[in-house]
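**Q** Predicted model and sequence below, questions to follow.
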Amino acid sequence: MPTARVVAVAPGSPAATAGLLPGDELLTLNGEAVRDVIRYQIQADEPVVEVELRRGGMEQLAVVQKPAGAPLGLELASAVFDRVRTCDNHCPFCFIYQLPKGMRRSLYLKDDDYRLSFLYGTLTSLTRFTEADLERVVGEGLSPLYVSIHSTDPELRARLLRNRRGATSLRWLGALLQAGIEVHGQVVVCPGINDGDALDDTLLGVLDRYPELASVGVVPLGVSDYTMESDMRPHTRAEAERVLDVVAAWQERFVAALGRRLVYAADEYFLLAGRAFPALDDYDGLPQHENGVGMARRFEHEVLAAIGGDAASGIGPRAGFFSWVDGAPADGYRAPRAPRISEATGSAVAIRSDRPVAILTGAYGARVLEGLLPMLRGVARTDVRVVEVPNRFFGGNIGVTGLLTAADVRAALADEPSGDRYLLPDVVLSGDRFLDGATPHDLPVPVEVVGTDGASLVAALTT
């Protein structure tokens with residue numbers, strides 16, 4: 001029987017009043033052995049919740065009474081209680097295969113679980129999807145979902161996933177769309193394999209078979225120094241330009257046929273091609289923001305709005321299921337990161353000073369920030385500079401800020417003056433740890449952790 005372990009109980013909550021404690025294992029709610037936090041939430045919304053639990057090896061019953069829909073006040077150790085459905089694809093571009101040895105075990109877990117797609121926005125290939133899964137998704141309205149497409153040609157998709165079920169599993173995508181489930185797709189473009197004419201054919205397949213898709217993000221292959229795949233390589237500038245041209249042409253076709261752009265290219269392509277980013281409105285509400293599509297324009301908008309005192313700068317994507325679900329563990333890309341850390345005390349407030357400010361960021365972030373520095377210096381009333389942190393930990397073409405490690409930040413800070421303020425974007429942290437397990441307190445100079453958005457940066461510069 002699956003169990004959910006309680007890691008925290010909110011003081012004064014209905015669960016606390018009923019006597020639930022950290023460490024309790026939840027066996028059933030209202031007689032149902034819940035498999036995941038989704039079913040947990042459905043039962044927890046009831047005004048009377050009978051909780052069968054195990055404590056110290058002994059089973060007992062707790063009855064929680066509360067208004068219907070009010071949270072129980074529990075935080076659970078995981079979102080899935082009956083084990084995560086792992087991925088049986090062997091995609092040559094999968095970044096998990098490109099990790100160095102010796103990192104945290106959790107980083108090597110490959111999931112292909114539609115529940116995590118709904119909860120966290122992770123991608124599923126649907127190769128392990130079943131009729132029972134479809135029935136549940138439709139019956140419980142688990143929407144939106146996020147699907148790895150990569151190609152709509154069956155043979156090419158099977159080759160990319162290295163799984164023969166890749167040739168047929170997109171039938172589930174069609175069934176989900178026909179049932180009214182909102183689905184966002186992703187195409188990871190591998191140069192010489194599914195780019196060029198193959199990408200053109202994939203988008204034709206989207207129009208022909210999956211026009212109900214909410215959006216499709218086209219993103220470049222990331223290649224670390226640890227890849228074992230000789231066919232996997234970074235894009236050239238000409239290849240990046242071709243991808244942008246294909247996407248632009250298909251945006252026009254989708255607008256003509258469907259009344260919307262549907263497909264969007266990742267920001268990295270514009271940086272690789274040396275082209276200006278599209279206008280913010282051209283991203284149509286940023287449905288692919290978490291795929292790195294429109295992040296630069298959104299960040300610029302947030303900076304400008306914050307400087308102008310416009311409270312409407314928070315135009316980000318929907319917060320997702322975990323913005324409200326009770327019991328959800330704070331993991332995944334939608335989770336809050338670390339609070340801003342004061343240099344001296346670790347509190348959430350830093351003291352304003354006129355010292356020079358350095359913004360730590362990855363290679364791509366540095367190129368976005370450089371154009372905003374004159375405005376940032378004006379609002380900070382002091383010198384503001386960018387410290388680009390090369391990603392030597394992963395190497396290759398990895399330039400996104402979110403994959404920086406403490407080792408690389410430490411190296412970048414080695415020759416920096418100790419008296420300046422250093423702002424560290426929270427996207428590099430999970431909880432309070434970098435990917436290599438270190439914390440901001442392990443760095444050679446004090447840093448302030450700030451939100452990875454324009455408004456938070458402006459607030460940090462004016463505090």
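**A** Arrived safely, thanks for sending.
**Q** In terms of secondary structure, what does the longest helix along the chain contact?
**A** Among the segments of the chain that qualify as a helix by DSSP state H, the longest is helix 237-258. Secondary-structure packing of helix 237-258 (3 or more Cβ pairs under 8 Å, 6 or more residues apart in numbering; DSSP states H and E): helix 196-209, strand 215-220, strand 263-265, helix 267-273. The way it works is simple: take the backbone N, C-alpha and C, and place the C-beta from them, glycine included.
**Q** hmm, 6 Å instead?
**A** Helices and strands touching helix 237-258, by 3 or more Cβ pairs under 6 Å, 6 or more residues apart in numbering; DSSP states H and E, are helix 196-209, strand 263-265, helix 267-273.
**Q** The residue lying closest to residue 44 once chain neighbours are set aside in helix, strand or coil?
**A** Leaving out its chain neighbours, the residue that sits closest to residue 44 by Cβ to Cβ, 6 or more residues apart in numbering is residue 72, at 5.0 Å. Under DSSP: H, G, I helix; E, B strand; the rest coil, the three-state class of residue 72 is coil.
**Q** and residue 72, how many neighbours?
**A** Per other Cβ atoms under 10 Å, the neighbour tally for residue 72 reads 27.
**Q** so it touches residue 46, yeah?
**A** No: contact criterion Cβ atoms under 6 Å: residue 72 and residue 46 do not qualify, at 10.1 Å.
**Q** what is the rounded mean pLDDT of stretch 61-71?
**A** Stretch 61-71 carries an average pLDDT of 94.
**Q** quick one: buried residues of that stretch?
**A** 62, 64, 66, 71 (16 or more other Cβ atoms under 10 Å).
**Q** ok, back up a step: so which of the helices and strands packed on helix 237-258 gets nearest residue 122?
**A** Closest approach to residue 122 among the helices and strands packed on helix 237-258 (Cβ to Cβ): strand 263-265, 19.0 Å.
**Q** Residue 200 contacts residue 245, doesn't it?
**A** No: assessed by Cβ under 6 Å, residue 200 is found out of contact with residue 245, at 9.9 Å.
**Q** Comparing those two, which shows the higher neighbour count?
**A** More crowded of residue 200 and residue 245, by other Cβ under 10 Å: residue 200, with 16 against 13.
**Q** I'd like the distance between that one and residue 128.
**A** Distance, residue 200 to residue 128, by Cβ to Cβ, to the nearest Å: 29 Å.
**Q** Domains in this protein, by residue range?
**A** Domain ranges of the chain: 4-76, 95-293, 357-462, per automatic domain parsing.
**Q** Those into JSON lines, with extra columns for distance to residue 305?
**A** JSON lines is the format used below for the domains of the chain (distance: least, Cβ to Cβ, whole Å):
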{"stretch": "domain 4-76", "distance to residue 305": "32"}
{"stretch": "domain 95-293", "distance to residue 305": "11"}
{"stretch": "domain 357-462", "distance to residue 305": "7"}
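**Q** so which of those gets nearest residue 300?
**A** Short answer: domain 357-462, nearest of the domains of the chain by Cβ to Cβ, at 6.6 Å.
**Q** and the closest one, how far from the chain's centre?
**A** The chain centroid and the centroid of domain 357-462 are separated by 19 Å under Cα atoms, centre = their mean, to the nearest Å.
**Q** Report the mean per-residue pLDDT for that domain.
**A** Averaged over domain 357-462, pLDDT sits at 95.
**Q** same question, stretch 222-240
**A** Average pLDDT, stretch 222-240: 96.
**Q** how long is it end to end?
**A** End-to-end distance of stretch 222-240 (Cα to Cα, to the nearest Å): 13 Å.
**Q** Same question for stretch 428-444.
**A** One end of stretch 428-444 to the other measures 17 Å (Cα to Cα).
**Q** Report the buried residues of that stretch.
**A** Residues of stretch 428-444 classed as buried by neighbour count (16+ other Cβ under 10 Å): 428-430, 432-436, 438, 440, 443.
**Q** Now compare the residues you listed and name the two farthest from each other.
**A** Farthest pair in the buried residues of stretch 428-444, by Cβ to Cβ: 430 and 443, 16.4 Å.
**Q** which one of the buried residues of stretch 428-444 is nearest residue 21?
**A** Using Cβ to Cβ, these come closest to residue 21 at residue 432, 25.2 Å.
**Q** From residue 4, how far off is the closest one?
**A** As for residue 432, its distance to residue 4 is 25 Å (criterion: Cβ to Cβ).
**Q** With residue 453 instead?
**A** Residue 453 is 32 Å from residue 4, where distance means Cβ to Cβ.
**Q** and what of residue 136?
**A** 18 Å.
**Q** got it, and residue 407?
**A** With the distance defined as Cβ to Cβ, residue 407 ends up 36 Å from residue 4.
**Q** Which residue of those two possesses the greater neighbour count?
**A** Neighbour count, other Cβ under 10 Å: between residue 407 and residue 4, residue 4 has more, with 26 against 16.
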